[in-house]
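**Student:** fold the following for me, if possible:
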Amino acid sequence: MANYTAADIKALRERTGAGMLDVKRALDEADGDADKALEFIRVKGLKGVSKREGRSAADGLVTADVSTTPDGEGEVGVLVEVNSETDFVAKNVTFLSLAERVLATAVSSGARDADVLLATAVDGSTLQNVVDETAAMLGERLVVRRLARVAGEKVAVYLHKVNKDLPPQVGVLVATDTAGSAVARDIAMHIAAYSPVYISRGDVPAETVVLERRIAEETSRNEGKPEAALPKIIEGRLNGFFKETVLVDQAFAKDQKKTVGQILTEAGGTVTGFARFRVGA
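**Tutor:** Got it, this is the predicted structure:
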């Protein structure tokens, strides 16, 4: 009979995230030796990595870091999304440790996209291999989906938990000038809730404006609106598009009577950049 207890099973499950039967088999194979059982789980898991490549990894977390730039003149924020297949693994300590390592590597490497990040050297290997080894232990497909870097005089971060029992699944970085930093966190919370696409109307690509104007015109004509009223109706609908997608035109989450632009004006500051991730979106 193998020399292990229910507590040993529980400890190895928490350490690896593996299923009950897999943990018991591993402990049986290792005659109760937890370290050997862990190695057995990892080897078995690595063999299954390729089989999991087609499975959906739409759960997970976002995490972020803000640090001073090398020249000391500003700040830079890094936001990463790491995906798992289930929320059970998303809150597992092994997965959380992996996310911390991914973030640390993103910060130190200066990588600007996930492919470059995953190719980064880590302890004589690559971050991709570290991810694969962790996936082997957990028995799920794990994906470093994306990362963003936002720099400015000041950078604020906001991480939001959709479920109090899970790690953050919405993350926002907001870069501002020094004056804007006074309201930056509130604006980051607003961005988390209202997901703007652009900072100002000037950031909206010209072709997008042309498309939205055409859609507004065709919709109005199909509705039988009077020809003489079309210009005003079209501009009204275009303004509606701006209020939905442009940060400074949106009604501020904490005070719907004011726009985000008005909040910034009152603070005497500006937003110079932002990034928003929601897990799986």
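**Student:** any idea where the helices of the stretch 151-281 of the chain begin and end?
**Tutor:** 181-194, 206-222, 230-245, 260-267 (DSSP state H, counting those that start in this stretch).
**Student:** just the CA coordinates for the longest one, please, in PDB.
**Tutor:** I take that to be helix 206-222. The C-alpha trace of helix 206-222 is given here as PDB (Å, rounded to 0.1, in the frame of the first residue of the first chain):
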ATOM      1  CA  ALA A 206     -10.900  59.200 -41.100                       C
ATOM      2  CA  GLU A 207     -12.100  56.000 -42.800                       C
ATOM      3  CA  THR A 208     -14.100  55.100 -39.700                       C
ATOM      4  CA  VAL A 209     -15.800  58.500 -39.600                       C
ATOM      5  CA  VAL A 210     -16.700  58.200 -43.300                       C
ATOM      6  CA  LEU A 211     -18.100  54.700 -42.700                       C
ATOM      7  CA  GLU A 212     -20.200  55.800 -39.600                       C
ATOM      8  CA  ARG A 213     -21.500  58.800 -41.500                       C
ATOM      9  CA  ARG A 214     -22.500  56.600 -44.400                       C
ATOM     10  CA  ILE A 215     -24.300  54.200 -42.100                       C
ATOM     11  CA  ALA A 216     -26.100  57.000 -40.400                       C
ATOM     12  CA  GLU A 217     -27.200  58.400 -43.700                       C
ATOM     13  CA  GLU A 218     -28.400  55.000 -45.100                       C
ATOM     14  CA  THR A 219     -30.200  54.200 -41.800                       C
ATOM     15  CA  SER A 220     -31.900  57.600 -41.900                       C
ATOM     16  CA  ARG A 221     -33.000  57.200 -45.500                       C
ATOM     17  CA  ASN A 222     -34.300  53.700 -44.900                       C
END
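**Student:** against which helices or strands is it packed?
**Tutor:** When contacts are defined as 3 or more C-beta pairs under 8 Å, 6 or more residues apart in numbering; DSSP states H and E, helix 206-222 sits against helix 230-245. For the C-beta atoms, the positions are set from N, CA and C on the backbone; glycine is no exception.
**Student:** do the same with the last one
**Tutor:** Other elements packing on helix 260-267 under the criterion 3+ C-beta pairs under 8 Å, 6+ apart are helix 181-194, strand 251-252.
**Student:** out of the ones you listed, which one sits most buried?
**Tutor:** Of the helices and strands packed on helix 260-267, the one with the most neighbours on average (mean count of other C-beta atoms under 10 Å) is helix 181-194, at a mean of 20.
**Student:** quick check: Ser220 touching Ile234?
**Tutor:** Yes: using C-beta atoms under 8 Å as the test, Ser220 is close enough to Ile234 to be in contact (6.2 Å).
**Student:** which residues touch Arg149?
**Tutor:** Neighbouring residues of Arg149 by C-beta atoms under 8 Å, 6 or more residues apart in numbering: 76-79, 110, 112.
**Student:** give me the buried positions along stretch 226-238.
**Tutor:** 233-234, 237-238 (16 or more other C-beta atoms under 10 Å).
**Student:** show me this structure divided up by domain.
**Tutor:** Following automatic domain parsing, one finds the domains of the chain at 6-47, 59-201+246-278, 205-245.
**Student:** how about JSON lines for those domains, with mean pLDDT added?
**Tutor:** JSON lines is the format used below for the domains of the chain (pLDDT from 0 to 100):
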{"stretch": "domain 6-47", "mean pLDDT": "74"}
{"stretch": "domain 59-201+246-278", "mean pLDDT": "95"}
{"stretch": "domain 205-245", "mean pLDDT": "91"}
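**Student:** deepest-packed of those, please.
**Tutor:** Mean neighbour counts were taken over the domains of the chain using mean count of other C-beta under 10 Å, and the top value, a mean of 19, falls to domain 59-201+246-278.
**Student:** and that domain, end to end?
**Tutor:** 10 Å (C-alpha to C-alpha, to the nearest Å).
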